[in-house]
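Asker: prediction below, plus the sequence it came from.
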Amino acid sequence: MELVWTDDLSIGNAMIDADHKMLLDMVNGVVHAIEIGDCSVLSYAFDLLDGKLRTHCAQEENIAQAINFTFTRHKLAEQYILRELNYLKDELLDRNCVCCEDAIKHYSDSLRGLLIGHITEDDRLMKPVLQSYPYNFNPVGS
Ligand SMILES: [Fe+2]
């Protein structure tokens, strides 16, 4: 099942929410690549996701600093997600992107779980603090 943005995924900041919507689409793109079993599409989709996740995390760190939110735990969680993404990518490429239905489900669920966990467990910790700022709070633009 495709990941779809819902308002309960909001963590109270426009920039972060916009990034998360984009990341949901990117995970859907990787899942699609897994389903069609095309290694070049899959590799490209993983690289896009990895790059976006890195810039997103840097942006979140800027916001966390601006609102005096301790980012240490979050940073470790980000490193874990990036490692897991690379692990999944390498594993899929090692098997030449050929997956049975169960394997497709396993990889897809793992990817979706990583992103949803990032939003609902790691980022949600910032939500109570972010809600005391305007929704469009942007430390770079202020
Ligand atoms: Fe995030």
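Answerer: Happy to help now that I have it.
Asker: how near is A58 to L23?
Answerer: Taken as C-beta to C-beta, to the nearest Å, the spacing of A58 relative to L23 amounts to 14 Å. In this view, the C-beta of every residue, glycine as well, is placed from N, C-alpha and C.
Asker: right, and M15 touches N138 too?
Answerer: Yes: at 6.0 Å, M15 and N138 qualify as touching, with contact defined as C-beta atoms under 8 Å.
Asker: residues in contact with the most centrally placed residue in the chain?
Answerer: In the chain, the C-alpha closest to the average C-alpha coordinate belongs to L115, at a distance of 4.1 Å (C-alpha atoms, centre = their mean). Contacts were defined as C-beta atoms under 8 Å, 6 or more residues apart in numbering; by that measure L115 touches L3, H20, L23, L24, V27, I81.
Asker: which secondary structure element contains the last one?
Answerer: With elements taken from DSSP states H and E, the one containing I81 is helix 72-94.
Asker: gap between that helix and the chain center?
Answerer: The offset between the C-alpha centroid of helix 72-94 and the centroid of the whole chain comes to 10 Å, using C-alpha atoms, centre = their mean, to the nearest Å.
Asker: and the next helix or strand past that helix?
Answerer: As assigned by DSSP H and E, the chain's next helix or strand after helix 72-94 is helix 101-117.
Asker: alpha carbons of that following helix, as CSV, please.
Answerer: Taking C-alpha atoms only, helix 101-117 is exported to CSV below (Å, rounded to 0.1, in the frame of the first residue of the first chain):
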residue,chain,number,x,y,z
GLU,A,101,6.3,-11.4,-3.7
ASP,A,102,7.3,-12.0,0.0
ALA,A,103,10.6,-10.2,-0.5
ILE,A,104,9.0,-7.3,-2.2
LYS,A,105,6.7,-7.0,0.8
HIS,A,106,9.6,-7.3,3.2
TYR,A,107,11.6,-4.6,1.6
SER,A,108,8.7,-2.3,1.0
ASP,A,109,7.5,-2.6,4.6
SER,A,110,11.0,-2.0,5.9
LEU,A,111,11.4,1.2,3.9
ARG,A,112,7.9,2.5,4.8
GLY,A,113,8.6,1.7,8.5
LEU,A,114,11.9,3.6,8.4
LEU,A,115,10.3,6.8,7.2
ILE,A,116,7.1,6.6,9.3
GLY,A,117,9.3,5.8,12.3
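Asker: I'm done for today, thanks for sticking with me.
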